[in-house]
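> A structural model of the following input is requested.
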Amino acid sequence: QRLPGKIFLVDAKFKPTPGAALTELGKTDASVENVVAEINKRNKEVGDMLRAMETGDKDAVALWDKTKKWSLDEFKKIYAWLDCRFDHDFFESEVSESSREMVIEEHKKGTLIKDNGAICADLNKYKLGFMILLKSNGAGLYATKDLKLAQIKFEQFKVDKSVYVVDASQALHFQQVFKILELMGYEQAKKCVHLPYGMVVLPSGKMSSRKGTVIFFSQLQSMLNEHLHKEYLAKYEGTWTTEEIEFAKRQLAVGTIKYGMLNHDVAKDVVFEMSKWSAKTGTTGIYNMYAYTRTVGICNKVAEGKTKVKPGKVNVGLLGAQSEREMLMHISNFWPQVHDCVSRNNPSGLCTYVWTLSKLFNVWYENTSVVGSENPDELATRLAFASAVGSTIKKCLELLGITPLQKM
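Next up is the predicted model:
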């Protein structure tokens with residue numbers, strides 16, 4: 001489904017003539033003679049509006065509050081659907097005035113300098129250039145608020161490490177902010193980390209609103225639900241309850257998105273292909289979730305007595321096959337793998353780890369009958385083994401923010 005490539009506004013007060021050409025939103029009307037002057041005029045209007053908001057202008061703040069709520073309400077819906085939560089929400093608007101006061105105070109201390117009426121940080125000796133923190137008209141910038149928010153995190157929340165997840169184009173910005181925090185005397189600044197990420201693109205390239213290739217979340221959600229229902233859940237209609245199908249659909253969708261997003265080096269672009277991300281095989285969230293449900297199925301069948309013998313004693317010595325030894329070695333490397341991902345601020349390694357374990361288990365599952373074991377100790381050992389594999393897969397998925405299903 002394609003969206004309109006261009007957006008137009010029609011306001012009755014302009015008394016539009018039927019059939020007349022409309023000016024695209026954001027485009028300059030042909031009647032404007034001096035384009036440069038018009039751009040400067042608009043830039044000044046933007047600056048004036050920002051300054052009005054920062055100084056608490058009643059009308060500006062009221063309009064901003066209204067539009068902000070629209071965005072926040074939608075964000076919260078998306079986060080809730082994705083099972084994402086935040087312990088505390090920080091708002092730049094809450095520190096507009098206090099951030100300005102902090103910059104002025106740091107200037108008085110000599111940490112910052114004045115240049116043409118603006119307060120700035122000269123970081124040239126650190127090879128980080130020059131950063132404006134307070135414009136000559138008194139308005140703050142993103143960096144101004146970043147400094148104050150960091151101060152709040154350090155002093156109020158006592159954070160030891162602060163990770164800023166912002167796109168790669170802001171690398172210099174955060175290098176400058178962290179250096180200024182260090183110059184302000186905050187030791188924690190050395191533990192501030194900018195975690196850059198690439199863009200989400202399509203196989204055809206970048207998404208473009210002009211070309212109508214931008215995928216909105218509501219579209220993505222709808223497409224995923226339809227695809228997953230058809231591919232995985234339609235066959236359970238009449239067997240599962242509607243609630244069970246809807247729950248499974250949501251978890252499969254979330255697993256598809258999260259695994260697909262995290263299964264890449266964080267700094268590289270992510271190519272979104274729904275058919276690949278939601279495939280039954282390959283490096284997908286669904287593949288790993290399915291492997292986990294197989295381990296649950298084994299445990300359930302044994303618990304229900306669907307075996308030839310009753311479980312005896314676990315004897316690890318019975319796990320002599322090469323595939324079993326390989327999986328045991330892989331499981332033993334779980335914590336080193338987690339620590340490596342944490343130290344590198346990159347969860348992609350865990351995606352590869354769990355996929356490898358799922359792949360090894362699926363091969364073992366196809367060639368080994370647990371419930372068909374004729375030796376009680378062999379049954380008990382294979383059951384414990386499958387359970388251990390399942391627990392490891394489950395923990396990996398949970399660390400990736402994915403809720404594994406008990407059946408698929």
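
> For the rest of this, base every contact and every neighbour count on C-alpha atoms.
OK.

> My read is that residue 146 contacts residue 176, right?
No - using Cα atoms under 8 Å, residue 146 is not in contact with residue 176; the gap is 10.8 Å.

> What is the burial count for the nearest residue to residue 232 once chain neighbours are set aside?
In space, and not counting its chain neighbours, residue 232 is closest to residue 408: 7.6 Å by Cα to Cα, 6 or more residues apart in numbering. By the measure other Cα atoms under 10 Å, the count of residues near residue 408 is 19.

> now residue 408: how far from residue 221?
Going from residue 408 to residue 221 by Cα to Cα, to the nearest Å gives 20 Å.

> do the same with residue 134
Where residue 221 is concerned, residue 134 sits at a distance of 42 Å (Cα to Cα).

> Look at these two and report which has more neighbours.
Neighbour count, other Cα under 10 Å: between residue 134 and residue 221, residue 134 has more, with 23 against 18.

> so how far is residue 101 from residue 181?
15 Å.

> The two: which has the busier surroundings?
residue 181 (20 against 14).

> tell me what the helix or strand containing the more buried one is packed against?
Here residue 181, judged by DSSP states H and E, is contained in helix 171-183. Other helices and strands packing on helix 171-183, by 3 or more Cα pairs under 8 Å, 6 or more residues apart in numbering; DSSP states H and E, are helix 142-155, strand 192-195.

> now these as CSV including mean neighbour count?
Shown next, in CSV, are the helices and strands packed on helix 171-183 (neighbours: other Cα atoms under 10 Å):
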stretch, mean neighbour count
helix 142-155, 19
strand 192-195, 19
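
> so how many other residues sit close to residue 234?
12.

> Please report how far residue 257 lies from residue 338.
Counting by Cα to Cα, the gap from residue 257 to residue 338 is 21 Å.

> More neighbours: the two, which one.
Ranked by neighbour count (other Cα under 10 Å), residue 257 and residue 338 place residue 257 first, with 22 against 17.

> Now do the contacts for that one.
residue 277 (Cα atoms under 8 Å, 6 or more residues apart in numbering).

> what helices or strands is the one helix or strand residue 385 maps to leaning on?
Counting by DSSP H and E, the element that carries residue 385 is helix 376-399. Identification of packing neighbours for helix 376-399 by 3+ Cα pairs under 8 Å, 6+ apart yields helix 285-303, helix 322-332, helix 348-367.

> Pull out the buried residues from that helix.
376-387, 389-397 (16 or more other Cα atoms under 10 Å).

> can you state the direction angle for that helix and helix 322-332?
Calculated by axes from the mean of the first three to the mean of the last three Cα atoms, to 10 degrees, helix 376-399 forms an angle of 40 degrees with helix 322-332.

> thinking again about what came up before, against residue 236, how distant is the residue nearest to residue 232?
Per Cα to Cα, residue 408 is found 9 Å from residue 236.

> returning to that earlier point: if you compare the helices and strands packed on helix 376-399, which one is most tucked away?
helix 285-303 (a mean of 21; mean count of other Cα atoms under 10 Å).

> by contact count, what packs against that helix?
helix 242-262, helix 348-367, helix 376-399.

> helices or strands next to the second one in the packing?
Right, the one you point to is helix 348-367. Right, helix 348-367 is packed against helix 242-262, helix 285-303, helix 322-332, helix 334-344, helix 376-399 by 3+ Cα pairs under 8 Å, 6+ apart.

> Tell me which of those sits nearest to residue 61.
helix 242-262 (35.9 Å; Cα to Cα).

> And that closest one, what's buried?
245, 248-262.

> thinking again about what came up before, now do the helix holding residue 385, average pLDDT.
Helix 376-399 carries an average pLDDT of 97.

> returning to what we had before: can the helices and strands packed on helix 376-399 go into a markdown table with extra columns for distance to residue 43?
Converted to a markdown table, the helices and strands packed on helix 376-399 look like this (distance: least, Cα to Cα, whole Å):
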| stretch | distance to residue 43 |
| --- | --- |
| helix 285-303 | 46 |
| helix 322-332 | 58 |
| helix 348-367 | 42 |
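
> Redo those helices as CSV? Include mean pLDDT and distance to residue 162.
Output for the helices and strands packed on helix 376-399, formatted as CSV (pLDDT from 0 to 100; distance: least, Cα to Cα, whole Å):
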stretch, mean pLDDT, distance to residue 162
helix 285-303, 97, 28
helix 322-332, 96, 30
helix 348-367, 97, 20
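
> and residue 36, which of these is closest to it?
The nearest among these, by Cα to Cα, is helix 348-367 at 46.9 Å.

> Poorly predicted segments of the protein, please.
Within the chain, the segments meeting pLDDT under 70 span 1-33.

> Which one, of the helices and strands packed on helix 285-303, ends up nearest to residue 288?
Of all the helices and strands packed on helix 285-303, the one in closest proximity to residue 288, counting by Cα to Cα, is helix 348-367 (5.7 Å).

> can you put the helices and strands packed on helix 171-183 in a markdown table and add distance to residue 115?
What follows is the helices and strands packed on helix 171-183, written out as a markdown table (distance: least, Cα to Cα, whole Å):
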| stretch | distance to residue 115 |
| --- | --- |
| helix 142-155 | 16 |
| strand 192-195 | 28 |
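
> For residue 82, find the nearest of these.
Here strand 192-195 is closest among the helices and strands packed on helix 171-183 (Cα to Cα), at 20.8 Å.

> Can you tell me which helices and strands the closest one packs against?
strand 162-165, helix 171-183.

> can you give me the offset of the longest one from its chain's centre?
Computed by Cα atoms, centre = their mean, to the nearest Å, the chain-centroid distance of helix 171-183 equals 23 Å.

> And the contacts of it?
Here helix 171-183 has contacts from 111, 121, 123, 128, 131, 143, 146-147, 188-190, 192, 194, 196, using Cα under 8 Å, 6+ apart.
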